[in-house]
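*Asks:* Everything below, folded, please.
(2 chains)
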Protein chains: 2
Amino acid sequence: MTEVVLGIDVGGTSIKAGLFTPAGELLEERKIPTPALVDEAGFTTVVGGLTRILESHDASAHDVIACGLDIPAPVAADGSVSMTANVELDPDGLVHALADALPVAQVACVNDANAAALGEMWQGAARGVSDFVLIALGTGVGAGVVSNGRLVAGAFGAGGEIGHITINLDETRTCGCGRRGCLEQYASAKGIVRLYLEECAARGVTPAAVGHATDTLTVFRALAEGDDCARLAIHQMCEYLGLAMSQVSCVCDPALYLIGGGVAGGFATFAPDLRTCFAKYALKGCQGARIEAASLGNQAAMYGCAYEALRLRG
Amino acid sequence: MTEVVLGIDVGGTSIKAGLFTPAGELLEERKIPTPALVDEAGFTTVVGGLTRILESHDASAHDVIACGLDIPAPVAADGSVSMTANVELDPDGLVHALADALPVAQVACVNDANAAALGEMWQGAARGVSDFVLIALGTGVGAGVVSNGRLVAGAFGAGGEIGHITINLDETRTCGCGRRGCLEQYASAKGIVRLYLEECAARGVTPAAVGHATDTLTVFRALAEGDDCARLAIHQMCEYLGLAMSQVSCVCDPALYLIGGGVAGGFATFAPDLRTCFAKYALKGCQGARIEAASLGNQAAMYGCAYEALRLRG
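*Replies:* Down below sits the predicted model:
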């Protein structure tokens, strides 16, 4: 019998399951298309998919010593989940179905950005670093804060919700959270594209052919080609993000910031500007923090939830 | 032989030493006037003072199992100290002198605001709370952040330096840290008095007789007596502090904020306004955080450094 660990990344219409060794080697990653994860039908599909992955590695359900789930919802330090609207998921039901199917496994739920941070600490760019922050710039802006080698999940599961730091009191548009001037309004993929289109409109310039509301690739390409509006938009993003990071440093003072999420595809393009903006705003004592790219891409959360389940097992 | 613990609060011209049982009962607190703590003369005075406290409790240096020092300087997670200017203290020298004098004691250095947080967790208003923030409003604004029951000291010792969150980009005055618009410029004792005098000047009103630059007592008394300028000044302070706390919640999401430091003398006066301002700015998920007064007053740091030394001893 070989001990194995599962990390399950719960998305909208499919889940991605990773089979790991307890040492953190990824043996296989497989997508499991699922109906909504709200009833027995959905849970059975997941368990069936996991069983096939295990069988293809000559393992059984009894070999799974830990199974982590990362979910797009706040998870408090005590493990309780606050489900958000728009996510078709019954986390308690899924956890129970997994606990039934994997009789010896420690099961754990982790918020997705928090899981990504733990994944980077386990097998990625934060290996050996006990105080760092992973910032996931994507559709939204999330973060995972690690202090003393432990996740800062928070009393209400909002640890690392830095996308909702109020960064601009003058903002008139409303953020998805119902408040105004959140970092997410400027540093998410949507925010970056909007800043670019606004800059073009303000200067009466025809923008590059942005494909959709989160097409940062086109903005970064325009920047690389010398588009001044793209440069100004990205600078604006770096100003807000650098300021927010300086505030984060005054709270938890990390040694390292890792930038992940879809927007991190442009990291090389905006990193110098972001480092300058952070240094401009940061308290002197915190300026030594490094700002680097995350290394596990969209596998980070899958790694991280597997890690957290293993850790809880002790 | 009875095991005892020492907590030493290092101030400018004197230190305050507390003798504790390992369970956290304060047996005695005594001031030890000292010369500057930079050489053997200073260290010997401290050790002599401690010896007399021990003797008066029929204890010897060998009974001290842990000895904590709280100092007004950043202490990183690895215990390294960054001395700041204006503090006449050689922390390494003092630690060595104590380690020599207390042969079986675990010695630990803790930043003062961080120590206060640990003290409140050990024997004060945060007992049993594993995720909270103590905010010390005094000459400056410091904080101690506790997550998962552990201090968030930070990679460079700047964990909890929330007094230097940039909260007002339009500020023209320079903060003591060399930057502009820090929370400390509005929520410290000096900041509150300044806001009050400015409000009076702007309205052409004769202010209450403020005794000195940090005399918040007079401002709070004026507020209690219906002084409109005092009300507006305190509201301004609550706006900035509530906004900063909403940002802190997006990073570490505490269950509880404790307000300590000299300004906390006016807590009952400003707490309702502060709670309203925090609720206005806080992300919905974090609004459950309670805001209460700290309970150990200026003994908190002495308790907390004793606790941390005990914890490190294991």
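*Asks:* Every contact and neighbour count from this point should use C-alpha atoms.
*Replies:* Noted.
*Asks:* which bits of the stretch 101-250 of chain A sit near chain B?
*Replies:* Residues of the stretch 101-250 of chain A lying close to chain B (CA under 8 Å from any CA of the partner chain) are A:131, A:145, A:147-148, A:150, A:152-166, A:177, A:179, A:243, A:246-250.
*Asks:* I'd like to know which of those are part of strands.
*Replies:* A:V145, A:S147, A:R150 (DSSP state E).
*Asks:* one step back: ok, of the residues of the stretch 101-250 of chain A next to chain B, which come out buried?
*Replies:* A:131, A:145, A:147-148, A:150, A:152-166, A:179, A:243, A:246-250 (16 or more other CA atoms under 10 Å in any protein chain shown).
*Asks:* re the thing from before, B:P272: which of the ones in strands among the residues of the stretch 101-250 of chain A next to chain B is nearest?
*Replies:* Nearest to B:P272, judged by CA to CA, of these is A:V145 at 30.5 Å.
*Asks:* quick one on the thing from earlier: between the ones in strands among the residues of the stretch 101-250 of chain A next to chain B, which sits nearest chain B?
*Replies:* Set against chain B, the nearest of those by CA to the nearest CA is A:S147 (6.2 Å).
*Asks:* Identify the bridge partners of the closest one.
*Replies:* On the basis of DSSP bridges, A:S147 is bridged to A:R150.
*Asks:* so which helix or strand takes in the residue lying closest to A:V219 once chain neighbours are set aside?
*Replies:* Once flanking residues are discounted, A:V219 sits nearest to A:A230: 5.9 Å by CA to CA, 6 or more residues apart in numbering or on different chains. Under the criterion of DSSP states H and E, A:A230 resides in helix A:228-252.
*Asks:* could you point out which element follows that helix?
*Replies:* Downstream of helix A:228-252, the next assigned helix or strand under DSSP H and E is strand A:256-260.
*Asks:* That next one pairs with which strands, and in what direction?
*Replies:* Looking at strand A:256-260 with DSSP bridges, its partner strands are strand A:132-137 (parallel), strand A:290-293 (parallel).
*Asks:* before we move on, the earlier item: give me the distance between the residue nearest to A:V219 and A:F278.
*Replies:* The spacing between A:A230 and A:F278, counted by CA to CA, to the nearest Å, is 20 Å.
*Asks:* Repeat that for A:L151.
*Replies:* Taking CA to CA, one finds A:L151 at 23 Å from A:F278.
*Asks:* just A:D78 next, same as before
*Replies:* 33 Å.
*Asks:* those helices in chain A, which residues are they?
*Replies:* Using DSSP state H, the helices of chain A run over A:40-55, A:91-101, A:112-123, A:184-187, A:189-203, A:216-224, A:228-252, A:267-281, A:300-313.
*Asks:* how about TSV for these, with mean pLDDT added?
*Replies:* Listed next are the helices of chain A as TSV, based on pLDDT from 0 to 100:
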stretch	mean pLDDT
helix A:40-55	94
helix A:91-101	94
helix A:112-123	97
helix A:184-187	98
helix A:189-203	97
helix A:216-224	95
helix A:228-252	98
helix A:267-281	97
helix A:300-313	97
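*Asks:* Minimum distance to B:G226: which of those has it?
*Replies:* Using CA to CA, those put helix A:228-252 closest to B:G226, at 35.3 Å.
*Asks:* name the helices or strands packed onto the closest one?
*Replies:* Judged by 3 or more CA pairs under 8 Å, 6 or more residues apart in numbering or on different chains; DSSP states H and E, helix A:228-252 is in contact with helix A:184-187, helix A:189-203, helix A:216-224, helix A:267-281, helix B:228-252.
*Asks:* circling back to that earlier point, which one of the ones in strands among the residues of the stretch 101-250 of chain A next to chain B sits closest to A:E3?
*Replies:* Distance to A:E3 across these (CA to CA) is lowest for A:R150, with 24.1 Å.
*Asks:* that older thread, may I see the strands paired with strand A:256-260 arranged in JSON lines, with mean pLDDT and mean neighbour count as well?
*Replies:* Formatted as JSON lines, those follow (pLDDT from 0 to 100; neighbours: other CA atoms under 10 Å in any protein chain shown):
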{"stretch": "strand A:132-137", "mean pLDDT": "98", "mean neighbour count": "28"}
{"stretch": "strand A:290-293", "mean pLDDT": "98", "mean neighbour count": "18"}
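*Asks:* want to throw those into JSON lines with distance to A:G124?
*Replies:* Below are the strands paired with strand A:256-260 laid out as JSON lines (distance: least, CA to CA, whole Å):
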{"stretch": "strand A:132-137", "distance to A:G124": "11"}
{"stretch": "strand A:290-293", "distance to A:G124": "10"}
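*Asks:* Quick one: closest of those to B:E239.
*Replies:* strand A:132-137 (27.4 Å).
*Asks:* Measure how the closest one sits relative to helix A:189-203, angle-wise.
*Replies:* On the basis of axes from the mean of the first three to the mean of the last three CA atoms, to 10 degrees, strand A:132-137 is oriented at 60 degrees to helix A:189-203.
*Asks:* how close does the residue of chain A most remote from its centre sit to chain B?
*Replies:* The C-alpha centroid of chain A is most remote from A:G204, which lies 35.8 Å away (CA atoms, centre = their mean). Look at A:G204 and chain B: by CA to the nearest CA, to the nearest Å, they are 29 Å apart.
*Asks:* repeat for A:A209
*Replies:* Where chain B is concerned, A:A209 sits at a distance of 34 Å (CA to the nearest CA).
*Asks:* neighbour-wise, which of A:D78 and A:F278 wins?
*Replies:* Neighbour count, other CA atoms under 10 Å in any protein chain shown: between A:D78 and A:F278, A:F278 has more, with 25 against 12.
*Asks:* quick one: that one and A:Q247 touch, right?
*Replies:* No: using CA atoms under 8 Å, A:F278 is not in contact with A:Q247; the gap is 9.7 Å.
*Asks:* List phi and psi for the nearest residue to A:K284 once chain neighbours are set aside.
*Replies:* Excluding its sequence neighbours, the residue lying closest to A:K284 (CA to CA, 6+ apart) is B:C177, at 7.8 Å. Torsion angles at B:C177 (phi, psi; degrees, to the nearest 10) stand at phi -80, psi 0.
*Asks:* Against B:A213, how distant is B:C177?
*Replies:* Using CA to CA, B:C177 is found at 18 Å from B:A213.
*Asks:* again with A:A126
*Replies:* Separation of A:A126 from B:A213 (CA to CA): 46 Å.
*Asks:* mind listing what A:A61 touches?
*Replies:* Contact partners of A:A61, counting by CA atoms under 8 Å, 6 or more residues apart in numbering or on different chains, are A:T51, A:L54, A:A101, A:L102, A:P103.
*Asks:* let's see it at 10 Å
*Replies:* Shown in contact with A:A61 (CA atoms under 10 Å, 6 or more residues apart in numbering or on different chains): A:4, A:47, A:50-51, A:54-55, A:98, A:100-105.
*Asks:* Which of those residues are buried? Put it as a PyMOL command.
*Replies:* Per 16+ other CA under 10 Å, the buried members of the contacts of A:A61 correspond to this PyMOL selection:
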select buried, chain A and resi 4+47+50+51+54+98+101+102+105
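*Asks:* Including distance to A:L137, could the contacts of A:A61 go into JSON lines?
*Replies:* JSON lines is the format used below for the contacts of A:A61 (distance: CA to CA, whole Å):
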{"residue": "A:V4", "distance to A:L137": "31"}
{"residue": "A:V47", "distance to A:L137": "31"}
{"residue": "A:L50", "distance to A:L137": "30"}
{"residue": "A:T51", "distance to A:L137": "33"}
{"residue": "A:L54", "distance to A:L137": "33"}
{"residue": "A:E55", "distance to A:L137": "36"}
{"residue": "A:L98", "distance to A:L137": "30"}
{"residue": "A:D100", "distance to A:L137": "35"}
{"residue": "A:A101", "distance to A:L137": "35"}
{"residue": "A:L102", "distance to A:L137": "34"}
{"residue": "A:P103", "distance to A:L137": "37"}
{"residue": "A:V104", "distance to A:L137": "36"}
{"residue": "A:A105", "distance to A:L137": "32"}
